[in-house]
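> sequence unknown, structure follows:
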């Protein structure tokens, strides 16, 4: 019997994985790129992610989930919705790349409450999500875990080990490569 995680890997391999010559957010060059929006904006993809992530955090003492714009927004919103349906309310939020130039000029949108779990769609070195963790900690909110849908296995795990924050990938690049070859 295939698991939800197996089906998610298949969707990522079919919809998100692209081959070519790409520059990543980390600045690195790569022969492959994951456009995870093709999975997080897909009804089956977001449903699988929501069930998997909520299952991973349901017993944690988490009060909110968030991440960097834009990749985390559909995921954290769906997890918050599921938490409400399960009567375990977890709020969601996102961290902007920079503060708004209008209104309240905030960098954080939504309802962050500690303890926090940060969610990312793809990590390479973990720099972007580590910056979001720093923003949360700078306002006094404790981040207890970072969950990534896909770890490209290029340094994020080590970055968070050094930072003292639990780093949990749902899938690794090697899982997708193995799935693609199967």
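Now that the structure is in, tell me what you want to look at. Every value quoted in this text rests on a predicted model; they were computed, and no experiment measured them.
> only C-alpha atoms from now on, for both contacts and neighbour counts.
Fine.
> the longest helix along the chain - what's its average pLDDT?
When the chain is parsed with DSSP state H, its longest helix is helix 43-57. What helix 43-57 shows for mean pLDDT is 98.
> name the spans of the chain whose pLDDT lies under the cut-off.
1, 179-182 (pLDDT under 70).
> hmm, 50 instead?
182 (pLDDT under 50).
> one step back: give the pairing partners of whichever helix or strand comes after the longest helix of the chain; include direction for each.
Downstream of helix 43-57, the next assigned helix or strand under DSSP states H and E is strand 64-68. Sheet pairing of strand 64-68 (DSSP bridges) gives strand 91-95 (parallel), strand 116-123 (parallel).
> turn those strands into TSV, columns for distance to residue 131.
Shown next, in TSV, are the strands paired with strand 64-68 (distance: least, C-alpha to C-alpha, whole Å):
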stretch	distance to residue 131
strand 91-95	9
strand 116-123	11
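> Serialize those to a markdown table and add fields for distance to residue 33 and mean neighbour count.
Converted to a markdown table, the strands paired with strand 64-68 look like this (distance: least, C-alpha to C-alpha, whole Å; neighbours: other C-alpha atoms under 10 Å):
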| stretch | distance to residue 33 | mean neighbour count |
| --- | --- | --- |
| strand 91-95 | 23 | 24 |
| strand 116-123 | 10 | 26 |
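> tell me which of these lies nearest to residue 70.
strand 91-95 (8.0 Å; C-alpha to C-alpha).
> so how far is that closest one from its chain's centroid?
Put simply, strand 91-95 sits 12 Å off its chain's centre (C-alpha atoms, centre = their mean, to the nearest Å).
> and stretch 65-81, by the same measure?
8 Å.
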